[in-house]
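**Student:** Kindly return the folded structure for what I paste below:
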Amino acid sequence: MITVLLVFVVIGSAYALFSRDLLHSTIALSMTSVVSAFIFYLLHAPDVAITEAAVGAGLSTVIFLWIIKQTGRSDP
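**Tutor:** Numbering: from 1, shown residues only. All right, here's what the predicted structure looks like:
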């Protein structure tokens, strides 16, 4: 099961890297962080999982979305 989740992390990261739309990249990074947090939980590291969920999926996503909004995103 962890192998499947790691494949999702790699696919999400690659999509975030090669996507032309910043909003899609931000959402892909957020989902990658959520999956990473779940992997940490499955590996019996709940403190790391909570930190990854809070910082990786929560705070950084809000900051990225705020910056995208401030730059005047135009649809491709």
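**Student:** any idea how far residue 42 is from residue 4?
**Tutor:** 11 Å (C-beta to C-beta, to the nearest Å). No exception for glycine: its C-beta is placed from N, CA and C like everyone else's.
**Student:** Which one's more surrounded, those two?
**Tutor:** residue 42 (12 against 8; other C-beta atoms under 10 Å).
**Student:** excluding its backbone neighbours, what's nearest the more buried one?
**Tutor:** residue 2 (6.1 Å; C-beta to C-beta, 6 or more residues apart in numbering).
**Student:** contacting residues around the one you found?
**Tutor:** Residues near residue 2 by C-beta atoms under 8 Å, 6 or more residues apart in numbering: 39, 42-43.
**Student:** Closest one of those residues to residue 23?
**Tutor:** residue 39 (24.9 Å; C-beta to C-beta).
**Student:** which regions of this structure sit below the pLDDT cut-off?
**Tutor:** Residue ranges of the chain with pLDDT under 70: 73-76.
**Student:** Fine, thanks again, bye for now.
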